[in-house]
Structure formats: C-alpha cells, structure tokens
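> got a predicted structure plus its sequence, pasted below:
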Amino acid sequence: MKDLNFEDELDFNEFPPVSTEKWEEIIQKDLKGKNYKDVLRWDTGEGFNVLPFYRSEDLKSLGHSIQPLTTSGNWNVLEIIEAACPEEANKQCLHALENGAGGLDLRLNSNSLSSKSDLETLFKDIQIEIISIVFGPSISTPKVAGWLREIISNRKLDHDSLDLHFSADLFSQCLVSGKLPDREDLKPYLSSLSQASISLVVDTSAYTNAGANLVHQLAFALAAGNEYLGMDQELADKLSFRFSTGTRYFPEIGKYRAVRLLWDQVLNEYGVSEHQVKILTETALWNKTQNDAYNNMLRTTTEAMSAAIGGCQSMSVHRFDDHFNEPTPFASRIARNTQLILQEEAYLSRVSDPAAGSYYIEVITEELCNQAWGLFQKIEQKGGFYESLRSGYIHDLITEARQAKIRAYRQENEVLVGVNKYQPDVTINDLTHKQEFTDISGELPFENTIDIPAIEPLHLEAELQKGDA
C-alpha cells in the first residue's frame, strides 16, 4: 500500500466535474420521469420548503454573503441551577464549575433571593468575572440588579467586562401571564435595568415550547428587539437573544445564522454597525418523552450540535428527565458532559462558522431570512410587537403552529421515536409533566394591565396520548 503524504497538495482532477443537468437527468431516470423538485421537495413544517440537494450555482442568487458570520466557534457551557435556597444553589454552582461548566444558568424561584446577603451567599467563592451567568426570569429584577452592582463594586470588578445576562423579556412574560402593562409603563422598568452593565435577553424559548415554528421565532425576536429599541436606543448594545433548539437539525443551524444577518439589518436602521449579537440557547422541552426517557439524550445531543454549529455563544442543555423528575447528579452530569464531548471530542468549538459556504445550509439560511423578514414586516405594519400582543395576533400565530405540529405527529406525517412511533412495550399512561412556564406577573411593578390571550407549554407526548379528541 502506498504511503500517504498529507503534505502533498491534493489533486481532484481524477474526479471530473458533473453538471447539474447530468445530476437531474439521472435523478429523473431513477424517479421514472417524475420531477424531483415536486416529488422530493421537503416540507419542513417550519414555514418553508427545501429541495434534497443544491449546487454552487444556487448560491449566486443569495441575498447574503457566504463569508463566516462568527469569528470563533467556541461557546460557554452553562449548567442549569434549580436549587431552592442560596446555600444549596451555591453548592450546585461550585460543583458545576469544578466539573467543566463555564457558566451558570440560574433558574431559581423568586423567593430564593430576598436580600443582598442571599445573592452574596449564592456567589460565595465564585469568580463571576471569568464565567458567564444567565439570571432566570424570576430573579431578573431591578432589585437583584441593584444588589449585583453593589457586589461587583465591592469586589472591585470592571462592570463592562462581565458576561451577565438578565432574562427580563417583558413581552414573553406578558404572553405567558396573559397580562399586558401599558406601553409607557415599560420604559422606566427597562431603564432601571439598562443602567446596569447587564445584557437584557430577548427570550423566544417560551414561544418555541408553546409550539411556534422557526420563522415565528426569528420574526418575534426581531419584532421584540425592535420594540425595545424604539423605547430606548441605548439598549442596542445590551440586547442578547435566547432561543430554544428543536429537532430540525439543518434548519436549526440556519436559524442561528439567520438571526445574525437579520438583526444586523435592524441595527443598521438605527445607525449601529459592527455589533456582534450575543446568542444564548437551550435545548427544547416540548419534544421530550417520559415513556422513552433515555431517547431524550439523543435529542438533546443533536439539538446542541445544531446550536453549536449555528454559532451560539452560550448553551444550556436540559436534563433528559427535566420535565418529570427532580434533578439528580447523574442527569445533570449527562447534560453537562453532552456539551463537553461536543467541544473536547467532536471539536465543534475549534472552527468558526463551519456551516459557511454549505450549499444546503446557506439556502436554508436565506429562506429563513426571507420568510422571517416578511413576517417581521407584517408585525410592524400591525403597529409592532406590543400591538400584535394586544390584538392577539402573536398568540394566534403560535396557536395555529401548535395545532399543525400536533396534527402532523398524530397523523405520523412527522415521527418522534418513542412518542408516536416505535413506542416502548410498556407505556406510562399517567404522565407527570412538571414543566410549566415561569409566571412572574405578580412580582412586576405594573398596576394597570389588560388581559390578553396567554400561551401554554406544549407537551407533545401528553397531547398525543389524548388521541383524536
């Protein structure tokens, strides 16, 4: 066998080029004369269709550059902390950081932090200046922000160099609670948060876990972000975006690339350029099963891969049994190690924007951009995101997508292994889904609100067990 010299320049001349026409001729022959663009076109169920393959000429008509959209492929490995008290949360935080996590996703309830002392206990022996921290909705309040500023000052840290994110997305909270404050009352609340050197998260995860599709997620993110900028343009460099990653492997990669292109377009209208948007992500909850729980490990892995290849900056992987079980060391370790294996063994963190130039993913990215931008414009024509929430338009879009998703899986047009096909021999009929949206409406300082239609979390497995009812 001839020794291979990897220093030699590779020569592909022995592989003659094949024209698109030749490919299509062979495909049509195999399909017995049928047009593959009709027969093999894939309805993603996410608001757009794609063909089974693309060639280099398909990139010529794209409206975006195929250059890499990120300068680094690395991301922060966040661990979700759910303890009920600061002391226990601190232990979990230290354990996570000592075992490979690079940041913390604090999902504490509102009663966990009642004083500056509680926050100090939470961060005892933790160097917040070298990690990423995401505060959950229930603790992303002006009160906590004030305590945090004091702690940062006491530790003599540089506020601007810290990687801190508050999940204080009022719009998603309004849709979860069904309570919409007066628009003018939102401005002082945002101002009280924006004074701190904290990134405010536009969080679309609740929309996703209620049934929204990819186009909705992108359009809602743009519309919500634009609404915030309309209230306070100083937020331009303080907004970050959080998405939930679902089962559509390649479209999900395209989603994370599309949001960069789309948000840059929005910022350009405000005269902001050269701003690198921060993207946070978590694995989805709506598609996880209790009957076949270990299958969830495979789903969270592919979801994490999509987010990593798409170019997120921080990622949280939910425990495989998150929706029906209390945290255990085993489940938390698997969730954390899923990301560490992708970084240290699959080397996904070593390449910046590995999807750049891929014919298939670039076309998907372009299609998502076009569809999401069109919906964003429609929302703006209706008065913006706030007015679309008030009118129920956003709720109706999510509800329609939710029902279409349930219908597709019920009719087995879509397959979720262990849920609607290849179910285990013994199934759990009394599912114990505990995953609910965090409603903090009672803790927000808004006296005057109006009722709007609220969204609820989608538990696909439970929905399918209801049958056709």
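Structure's in. What do you need? Numbers count the residues shown, from 1 in each chain.
> for residue 200, what is the enclosing helix or strand?
Assessed by DSSP states H and E, residue 200 sits inside strand 199-203.
> keeping just the C-alphas, turn the next helix or strand after that strand into CSV.
Scanning forward in sequence from strand 199-203 by DSSP H and E, the next helix or strand is helix 205-210. As requested, the backbone C-alpha atoms of helix 205-210 are provided in CSV (Å, rounded to 0.1, in the frame of the first residue of the first chain):
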residue,chain,number,x,y,z
SER,A,205,-37.9,30.0,24.3
ALA,A,206,-41.4,30.2,25.7
TYR,A,207,-42.8,30.8,22.1
THR,A,208,-40.9,27.7,20.9
ASN,A,209,-42.0,25.5,23.8
ALA,A,210,-45.6,26.6,23.2
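> just checking, what packs against helix 205-210?
Using 3 or more C-beta pairs under 8 Å, 6 or more residues apart in numbering; DSSP states H and E, the elements in contact with helix 205-210 are helix 170-177, helix 214-231, strand 239-245, helix 393-410. The C-beta positions use only the backbone N, C-alpha and C, and glycine is treated the same way.
> can I get these in a markdown table including mean neighbour count and mean pLDDT?
What follows is the helices and strands packed on helix 205-210, written out as a markdown table (neighbours: other C-beta atoms under 10 Å; pLDDT from 0 to 100):
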| stretch | mean neighbour count | mean pLDDT |
| --- | --- | --- |
| helix 170-177 | 23 | 94 |
| helix 214-231 | 24 | 97 |
| strand 239-245 | 25 | 97 |
| helix 393-410 | 18 | 96 |
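> same list, these, but as TSV with distance to residue 288 please.
As requested, the helices and strands packed on helix 205-210 are exported to TSV (distance: least, C-beta to C-beta, whole Å):
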stretch	distance to residue 288
helix 170-177	19
helix 214-231	18
strand 239-245	12
helix 393-410	13
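> quick one: the strands in the stretch 201-350 of the chain?
Secondary structure of the stretch 201-350 of the chain (DSSP state E, counting those that start in this stretch): strands located at 239-245, 278-283, 314-316.
> out of these, nearest to residue 113?
Nearest to residue 113 among the strands of the stretch 201-350 of the chain is strand 314-316 (19.4 Å), distances taken as C-beta to C-beta.
> from the contact counts, what lies against the closest one?
When contacts are defined as 3+ C-beta pairs under 8 Å, 6+ apart, strand 314-316 packs onto strand 76-81, strand 132-135, strand 278-283, helix 295-310.
> so where's the stretch 351-469 of the chain shaky on pLDDT?
Counting by pLDDT under 70, the low-confidence segments of the stretch 351-469 of the chain come to 467-469.
> make it 90
Per-residue confidence for the stretch 351-469 of the chain (pLDDT under 90) gives these ranges: 417-448, 465-469.
> kindly list the longest helix within this structure.
Using DSSP state H to assign secondary structure, the helix with the most residues in the chain is helix 359-381.
> tell me which residues of the next helix or strand after that helix are tucked away?
Remark: after helix 359-381, the chain's next helix or strand is helix 385-391, criterion DSSP H and E. Of the residues in helix 385-391, those buried by neighbour count under the rule 16 or more other C-beta atoms under 10 Å are 385-386, 388-390.
> determine how far the last residue of stretch 354-363 lies from the first.
Length of stretch 354-363, first residue to last, C-alpha to C-alpha, to the nearest Å: 15 Å.
> residue 453 contacts residue 390, doesn't it?
No - the pair formed by residue 453 and residue 390 falls short of the contact definition of C-beta atoms under 8 Å, at 10.3 Å.
> report how many residues lie close to residue 309.
Residues near residue 309, counting by other C-beta atoms under 10 Å, number 23.
> what is the neighbour count of residue 305?
By the other C-beta under 10 Å criterion, the neighbourhood of residue 305 contains 18 residues.
> returning to that earlier point: of all the helices and strands packed on helix 205-210, which one is nearest residue 446?
Taking C-beta to C-beta as the criterion, residue 446 comes closest to helix 170-177 out of the helices and strands packed on helix 205-210, the separation being 9.0 Å.
> what angle do that closest one and strand 199-203 make?
Inter-element angle recorded for helix 170-177 and strand 199-203: 40 degrees (by axes from the mean of the first three to the mean of the last three C-alpha atoms, to 10 degrees).
> any low-confidence regions in the stretch 201-350 of the chain?
Residues of the stretch 201-350 of the chain that meet the criterion pLDDT under 90 lie in 232-238, 271-277, 323-324.
> if you set the cut-off to 50 instead, what comes out?
Counting by pLDDT under 50, the stretch 201-350 of the chain contains no low-confidence residues.
> distance between the ends of stretch 124-132?
Across its full length, stretch 124-132 reaches 16 Å end to end, with C-alpha to C-alpha as the criterion.
> check stretch 32-49 too.
For stretch 32-49, the separation between the terminal residues is 23 Å (C-alpha to C-alpha).
> backbone phi and psi for the residue nearest to residue 335 when sequence neighbours are not counted, please?
Excluding the flanking residues, the one nearest residue 335 by C-beta to C-beta, 6 or more residues apart in numbering is residue 317, at 4.4 Å. Comment: the main-chain dihedrals of residue 317 come out as phi -100, psi 120, following degrees, to the nearest 10.
> residue 317 against residue 284, yeah?
No - with contact defined as C-beta under 8 Å, residue 317 does not reach residue 284; the gap is 10.7 Å.
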